[in-house]
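Student: below is the structure, and that's it, no one-letter string:
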């Protein structure tokens, strides 16, 4: 009997140890589950002739707090893997960029970016201010309304990059233009946000002069450092020591540029994109792209797209101010298409190409959510506005892939790496 009790205690301890080990390593099964569901979601999307990324985002919404709440999208490990996923995504976009085409279209992308920022800013400020004043804090202040406009300026190009890449359109004229415009758009949005934050909450914002100086220093330093890296790599291209280690060197450079760009108040994905452009003009371009894309597209980027859905939370409260929320979504999407599209049209693109570029810039994601969260915490925007931004992220993320697929369906696929 004593021996039986001893065996029972041992079994219980063994079970407790197993349970403890399972809890400590829960992230492994969560990642495996995310990858499984991302694969199934992507497969179903391709069956109905939609981009795989759409299925992955929908899977994230299903698993997240909006519906079943099975996985915490704010888990540190999942969030880090998702961050690496979007960094690799933009690094690959940089590798596929035609630098000569990007230089040639410099004036065009600046015009498009300006259009894509000014119109959302204008409409995102004036329409809430004049027609939905009750949802603006501080007695409907125009300064608080400006913050809503500032939130709508930011573009999340990662979704467009993934879809265009799948369709072999990323290295085409429109693809290069969307990428270039999004980078300038990003810089303009940060400057506008700094100015508006300074107006709403003096003392909390960085000086506009310091912020602009930081960005200029970053881009100038990137050009100089990038030139030195290209020269060094091309000089030693034939040495076996470099050839064998070039992939890990490219990852180091990619992460370094992403890290430094965040330090200088420029989005990390911009730094990763610049690193990709640097390696695109070296003789290692193909080798780096082939190796990185296998790792990135099978592991990290599916987690990134699922995490977008996981971090999205739409509650039933949205029905209390559904009209306002829908207007915010419409303003954000239509103003971006019109603003960027008019900029493209002025830059000698055809009407169809202008529409393709405008649609390629409508998605909003992490930047809009971060800015909206800061605004809510500081009392600059109201709960209805915050929920409207969340709804915007969901809708713009879901409609971008099928719209791009439809608009590019007659385009000839471009050569890819």
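Tutor: On my side now, so go ahead. Bear in mind the structure is a predicted one, so any value in this text is a computation, not a measurement. Numbers count the residues shown, from 1 in each chain.
Student: only C-alpha atoms from now on, for both contacts and neighbour counts.
Tutor: Fine.
Student: name the SS class of residue 271, please.
Tutor: Recorded secondary structure, residue 271: helix (DSSP: H, G, I helix; E, B strand; the rest coil).
Student: and what of residue 409?
Tutor: Of the three states, residue 409 takes coil under three-state DSSP.
Student: check residue 65 too.
Tutor: Secondary structure, three-state DSSP: residue 65 is coil.
Student: distance of it relative to residue 92?
Tutor: Taking Cα to Cα, to the nearest Å as the measure, residue 65 falls 31 Å from residue 92.
Student: more crowded one of these two?
Tutor: Neighbours were counted for residue 65 and for residue 92 using other Cα atoms under 10 Å; residue 92 has more, 28 against 20.
Student: please identify the helix or strand for the more buried one.
Tutor: Assigned by DSSP states H and E, residue 92 falls within helix 76-95.
Student: same check on residue 49?
Tutor: Taking DSSP H and E as the definition, residue 49 sits outside all helices and strands.
Student: hang on, the earlier thing: how about the helix holding residue 92: buried residues?
Tutor: For helix 76-95, the neighbour count (16 or more other Cα atoms under 10 Å) marks 78-79, 81-95 as buried.
Student: read off the pLDDT value for residue 414.
Tutor: The model reports residue 414 with a pLDDT of 68.
Student: all further residue positions should be reported with the first residue as 221.
Tutor: With the count now opening at 221, the last piece we talked about shows up as residue 634.
Student: helix or strand right after the helix or strand of the chain with the lowest mean pLDDT?
Tutor: Ranking every helix and strand in the chain by mean pLDDT, DSSP states H and E puts helix 222-244 at the bottom, with a mean of 72. Remark: after helix 222-244, the chain's next helix or strand is helix 246-267, criterion DSSP H and E.
Student: now do that next one: everything it contacts.
Tutor: Helix 246-267 has contacts (Cα atoms under 8 Å, 6 or more residues apart in numbering) with 271-276, 278-279, 291, 297-298, 519, 522-523, 526.
Student: host element of the closest residue to residue 288 other than its chain neighbours?
Tutor: Of all residues not flanking residue 288 in the chain, residue 282 sits nearest, at 6.1 Å (Cα to Cα, 6 or more residues apart in numbering). Here residue 282 sits within helix 272-283, counting by DSSP H and E.
Student: what average pLDDT does that helix get?
Tutor: On average, the pLDDT along helix 272-283 is 86.
Student: repeat that for stretch 384-403.
Tutor: Averaging pLDDT along stretch 384-403 yields 82.
Student: phi and psi next, for residue 581.
Tutor: Here the main-chain torsion angles of residue 581 (degrees, to the nearest 10) amount to phi -120, psi 10.
Student: and it, how many neighbours does it have?
Tutor: 29.
Student: and residue 632, by the same measure?
Tutor: Residue 632 is flanked by 11 other residues according to other Cα under 10 Å.
Student: and it, how far from residue 398?
Tutor: From residue 632 across to residue 398, the span is 18 Å (Cα to Cα).
Student: kindly report the same for residue 444.
Tutor: Remark: distance between residue 444 and residue 398 (Cα to Cα) = 24 Å.
Student: could you do residue 558 as well?
Tutor: Using Cα to Cα, residue 558 is found at 14 Å from residue 398.
Student: neighbour count for these two, which is higher?
Tutor: Neighbours per residue (other Cα under 10 Å) separate residue 558 from residue 398, with residue 398 holding more: 27 against 20.
Student: so how far is residue 231 from the more buried one?
Tutor: 61 Å.
Student: again, but for residue 237
Tutor: Between residue 237 and residue 231 the distance is 10 Å, computed by Cα to Cα.
Student: could you do residue 616 as well?
Tutor: Residue 616 is 53 Å from residue 231, by Cα to Cα.
Student: packing partners of the helix holding residue 312?
Tutor: Counting contacts by 3 or more Cα pairs under 8 Å, 6 or more residues apart in numbering; DSSP states H and E, helix 296-315 is packed against helix 246-267, helix 378-386, helix 460-483, helix 488-500, helix 505-515, helix 521-530.
Student: got the ones you listed as CSV, with mean neighbour count and distance to residue 326 columns?
Tutor: CSV is the format used below for these (neighbours: other Cα atoms under 10 Å; distance: least, Cα to Cα, whole Å):
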stretch, mean neighbour count, distance to residue 326
helix 246-267, 17, 35
helix 378-386, 23, 19
helix 460-483, 17, 21
helix 488-500, 26, 15
helix 505-515, 16, 23
helix 521-530, 27, 29
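Student: which one of the ones you listed has the poorest average confidence?
Tutor: Per-stretch mean pLDDT for those is lowest at helix 378-386 (a mean of 81).
Student: which is the next helix or strand following that helix?
Tutor: Using DSSP H and E, the helix or strand that follows helix 378-386 in sequence is helix 393-420.
Student: immediately after that next one, which helix or strand?
Tutor: Sequence order places helix 428-455 as the next helix or strand after helix 393-420, per DSSP H and E.
Student: average pLDDT for that next one?
Tutor: 83.
Student: quick one: residues contacting the closest residue to residue 397 other than its chain neighbours.
Tutor: Take residue 397 and drop its neighbours on the chain: the residue closest to it by Cα to Cα, 6+ apart is residue 329, 5.8 Å away. By Cα under 8 Å, 6+ apart, the contact list for residue 329 reads 397, 398, 400, 401, 404, 564.
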